[in-house]
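> predicted model follows, preceded by the sequence.
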Amino acid sequence: MPRRSEVKEYHLVACRAETRHQDLLLRWYGDSSIQKVLEDGPCTTKYLHRKVTQLISSDPFRDGQCAVILEMNSRPVALIHFMWINWISRTAEIDFTLLSGKPHGLVLGTMTIDKVAQIAFEEFNLRKLYAFIYGDNRRALRFLGHYMHTEAVLKAYLKRGRRYEDTYVLGLTPAEYYAAVERHYK
Amino acid sequence: MFQPAGAKEIRNLFKQYLNSSYEPFFVDISGPELLMNFRDFSEYCRQDAALWISAQGETMDGFFLLFDIQPELALANLDIVYFSGFPRAGSVEVAALVTALRKACRQTRVTRLQLLALAHEKEKLALAASLGFQQEGILQRHFFHKGGYHDLIVSARMERGRHAS
């Protein structure tokens, strides 16, 4: 894990995705390497346009989803997507993607998960986040394993060509998040 | 005997939903659902879903619902409710349920059925085990119901030929 001082060198600004981000989001979601880790199958252009249009017009309370762009020096560096926000159970599914560039790898990942937790637990007052991570996404499983715990392994969930892959359901509560931060940075 | 439900049966089930002491009626990972009106209830039972009911004349014994059917992944979530107690393993009712489930899966081309149950729904979990569902994990304190948070047991049943490589 990166040192806290490395993370503190940078400052991220979070803003809701809006019309000015449309082209960026289309480029992002159109990238095949991003589709591989986020989508259950190949996406059509029509599907991507509909998804992006919904994201930039969505209201977390009405639609149960919310897209947040993280910017550094006015440059977008990451996207966080809260989905299936349930205001009764106070849970949400999350995914996030990072743009390559500076800062990269673990530093940006750590900063992004800090923002995810801040928005979810300190602003939305959610009490649990969960993520579906495909079994072949080893990097995400390794990184998120520092914060989240595996709650279920869905056998043969995802179809990849003629094969099936397992999918991991990871969970995160505020207590677990703050304990992980304490563990890594004490 | 389970049969695919039509509009009339959905209307009857909605009445049962309003009057039934069985709850929670639907269990979903992103749930619970807010108290539903008929339009939302009907949509829940129809959109990407297949509802089968078991009835003796006018009286409904129970239902199962394949919902969130995802053709590209050949999977669906399953909910099963019996209003007057779940049948025991090896019973005629369970055999009838297995037959109906297989038929529903064939019709929807589903080879992985996923079931979520609250940890204290012992009868439902026992039925799931007798139907060949394997437990895959526990979503901790995931579902808010009757003033408290409950664990959800995740289990799945796969058709032969579907397994992770």
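Alright, I've got the coordinates.
> how about the residues of chain B near chain A?
B:29-32, B:34, B:70, B:72-75, B:112, B:114, B:134, B:136-144, B:149, B:154, B:156, B:158, B:162-165 (CB under 8 Å from any CB of the partner chain). Every residue, glycine included, has its C-beta placed from N, CA and C.
> select only the buried ones of the residues you listed in ChimeraX?
Buried subset of the residues of chain B next to chain A, written as a ChimeraX selection, criterion 16 or more other CB atoms under 10 Å in any protein chain shown:
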select /B:29,30,31,32,70,73,74,75,112,114,136,137,138,139,140,141,142,143,144,154,156,158,162,164
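> chain B versus A:R62, what's the distance?
Going from A:R62 to chain B by CB to the nearest CB, to the nearest Å gives 13 Å.
> most remote residue from chain A's center?
A:R162 (27.6 Å; CA atoms, centre = their mean).
> quick check: phi and psi on it?
For A:R162, the backbone dihedrals (degrees, to the nearest 10) come out as phi -100, psi 0.
> kindly report the same for the one 10 residues further on.
Note on A:L172: backbone dihedrals following degrees, to the nearest 10 are phi -150, psi 130.
> quick one, phi/psi of whichever residue of chain A sits closest to chain B?
Closest residue of chain A to chain B, CB to the nearest CB: A:A152 (2.4 Å). Main-chain dihedrals, A:A152, degrees, to the nearest 10: phi -160, psi 150.
> got it, and the one 3 residues further on?
The phi and psi torsions at A:K155 (degrees, to the nearest 10) take the values phi -70, psi 140.
> I figured it hits A:E165, correct?
No - using CB atoms under 8 Å, A:K155 makes no contact with A:E165, being 9.6 Å away.
> give me the below-cutoff pLDDT ranges for the chain.
Just so you know, I chose chain A. Applying pLDDT under 70 to chain A flags the ranges A:1-8, A:101-104, A:186.
> my question was about chain B
B:164-165.
> try 90 this time
Scanning chain B with the threshold set as pLDDT under 90 gives B:1, B:16, B:19-23, B:33-35, B:55-60, B:84, B:89, B:159-165.
> show me the strands in it, by range?
B:2-4, B:50-56, B:59-70, B:75-82, B:112-118, B:134-145, B:148-158 (DSSP state E).
> TSV please, covering those strands and showing distance to A:W28.
TSV is the format used below for the strands of chain B (distance: least, CB to CB, whole Å):
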stretch	distance to A:W28
strand B:2-4	41
strand B:50-56	35
strand B:59-70	23
strand B:75-82	27
strand B:112-118	29
strand B:134-145	29
strand B:148-158	30
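> which parts of chain A sit against chain B?
Residues of chain A lying near chain B (CB under 8 Å from any CB): A:40-41, A:64, A:84, A:86, A:88-91, A:93, A:127-128, A:130, A:135, A:150-159, A:163-166, A:169, A:171, A:173.
> now, of the residues you listed, which are buried?
Neighbour-count burial (16+ other CB under 10 Å) is assigned, among the residues of chain A next to chain B, to A:40, A:64, A:86, A:89-91, A:93, A:127-128, A:130, A:135, A:151-152, A:154-159, A:164-166, A:169, A:171, A:173.
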